[in-house]
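S.K.: The sequence isn't on hand, but the structure is:
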Ligand SMILES: [Zn+2]
């Protein structure tokens, strides 16, 4: 089945990675309509896709890859959490596939995300304005790596805004609150949630037999974790429970296929950010002056560092008041 990757026509949005027999990661190509990673799992009689990218075009390529690799249409799609780069491609897979998420994720998708999409659609000027503003920053940026990352960010936003008029935001049809299992003819997969952390509710897909976990954005590899909607302590608790499962291979939400080492790095990052911000608040200094610690300087998503500091700052100062 590995050779099927070679005969796939390819996609500009992702690269396929053979993780195990019948398990493939679709690793995002920066600056395209994917933004996040996805995965394809052959269950024998059925096929499962985990997360659906940001744009319809990227999701169509994912669907084509899944059918090519497994020889079957996609029967199940899991959304690990509500973020757009994991859910906006859902429409491509329905009505043939069931879309599955936690009940909290579905609730947020049906209210907050739908409203936000309607706002984007009725007022796209705001996004174009943000793109123009970032474009100006790019022109002035002297750090080549940061410049490249900002260019990717803008390219993704352009793909998103171009697609928006055709988007039919598609909600999950099956929800679960703790755990759900699908027994395929060749393989059993578990959908597990230990609550939130990265968002209000985060799920992951676990294949016990192969000890492979498709983690959504609870684990990122060599990328700054995204903390805009995070609860740092819940995130750490969540990852501690994942560790107990004996996971060996991880398909992260962003970055290359990895292992528990990267899970530990994410834990270290969250702990560090909280410690740095706490110290800054206690010494009454400004978080604007904090530089990216050396260990994280070669990680992607650099622009998220500042927003992460701000999110944690807001959490800490809110809890003090
Ligand atoms: Zn996310």
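M.R.: The structure has been received and is ready for your questions. All values derive from a computational prediction rather than experimental measurement.

S.K.: CA atoms for contacts and neighbours, from now on please.
M.R.: Fine.

S.K.: Doesn't residue 101 belong to a strand?
M.R.: Yes. Residue 101 sits within a strand when classified using DSSP: H, G, I helix; E, B strand; the rest coil.

S.K.: and the stretch 51-200 of the chain, which residues reach the ion?
M.R.: Applying Cα under 5 Å from the ion, we find that the stretch 51-200 of the chain lies next to the ion at residue 83.

S.K.: any weak-confidence spans in the stretch 51-200 of the chain?
M.R.: For the stretch 51-200 of the chain, no stretch is flagged by pLDDT under 70.

S.K.: Can you get me a residue count around the residue in the stretch 101-250 of the chain positioned nearest to the ion?
M.R.: Here the residue of the stretch 101-250 of the chain nearest the ion is residue 217; by Cα to the ion that distance is 4.9 Å. The number of residues packed near residue 217 is 26, by other Cα atoms under 10 Å.

S.K.: quick one: contacts for the closest residue to it other than its chain neighbours?
M.R.: Nearest residue to residue 217 in three dimensions, chain neighbours excluded: residue 253, at 4.4 Å (Cα to Cα, 6 or more residues apart in numbering). Applying Cα atoms under 8 Å, 6 or more residues apart in numbering to residue 253 gives the contacts 36-38, 214-221.

S.K.: ok so, going back, am I right that the residue of the stretch 101-250 of the chain closest to the ion is in contact with residue 252?
M.R.: Yes. Counting by Cα atoms under 8 Å, residue 252 is a contact partner of residue 217 at 6.5 Å.

S.K.: Near the nearest residue to residue 60 once chain neighbours are set aside, how many other residues are there?
M.R.: In space, and not counting its chain neighbours, residue 60 is closest to residue 92: 6.2 Å by Cα to Cα, 6+ apart. By other Cα under 10 Å, the residues close to residue 92 number 22.

S.K.: ok, now the one 10 residues further on?
M.R.: In terms of burial, residue 102 registers 27 neighbours under the definition other Cα under 10 Å.

S.K.: out of the contacts of residue 253, who's nearest residue 178?
M.R.: residue 215 (15.3 Å; Cα to Cα).

S.K.: So what does residue 191 have for phi and psi?
M.R.: For residue 191, the backbone dihedrals (degrees, to the nearest 10) come out as phi -100, psi 120.
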